[in-house]
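Peer 1: Model the structure of this input:
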Amino acid sequence: MQPMLYIFKTTVKKKKDVKSITRIFEENEAILHFNFDLEDRDKILRVKSEKLEATEILSLISHLGHDCEELDL
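Peer 2: Prediction:
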């Protein structure tokens, strides 16, 4: 299966929030790679996964108290 790259606009603004999300994402074996761009006005999150769908990533972020929406590539 080919890994998918998902790009999201988020409400994550602080590095401490990124750290808490990082802990959860690093424990999830379905996430191959991820990064945040807090310098971007949309606070971009990129996630590469072979197994997760965008809706599952949205749910994870929501569960952690942040909003996000998938951006069209």
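Peer 1: need the contact list for the residue nearest the centre of the chain.
Peer 2: Most central in the chain under CA atoms, centre = their mean is residue 45, positioned 4.6 Å from the mean C-alpha point. Contacts for residue 45 were tallied using CB atoms under 8 Å, 6 or more residues apart in numbering; they are 7, 8, 10, 12, 34, 35, 36, 37, 61, 68. Using the backbone N, CA and C atoms, a C-beta is placed for each residue, glycine as well.
Peer 1: Just the helices from this structure, written as ranges.
Peer 2: Under the criterion DSSP state H, the chain contains helices at 15-27, 54-63.
Peer 1: Can you give me the pLDDT of residue 73?
Peer 2: We note a pLDDT of 67 for residue 73 in this prediction.
Peer 1: And for residue 57?
Peer 2: pLDDT for residue 57: 96.
Peer 1: Please name the nearest non-neighbouring residue to it.
Peer 2: Computed as CB to CB, 6 or more residues apart in numbering, the closest residue to residue 57 that is not its neighbour in sequence is residue 47, at 5.4 Å.
Peer 1: Check residue 42 too.
Peer 2: Nearest non-adjacent residue to residue 42 (CB to CB, 6+ apart): residue 9, at 4.1 Å.
Peer 1: Just list whatever residues bridge to the one you found.
Peer 2: Beta bridges link residue 9 to residue 44, residue 69, judged by DSSP bridges.
Peer 1: who's in contact with it?
Peer 2: Contacts of residue 9 by CB under 8 Å, 6+ apart are 42, 43, 44, 68, 69, 71.
Peer 1: need these in CSV with neighbour count and distance to residue 20, can you?
Peer 2: Shown next, in CSV, are those (neighbours: other CB atoms under 10 Å; distance: CB to CB, whole Å):
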residue, neighbour count, distance to residue 20
42, 14, 20
43, 20, 15
44, 18, 18
68, 22, 15
69, 12, 20
71, 13, 23
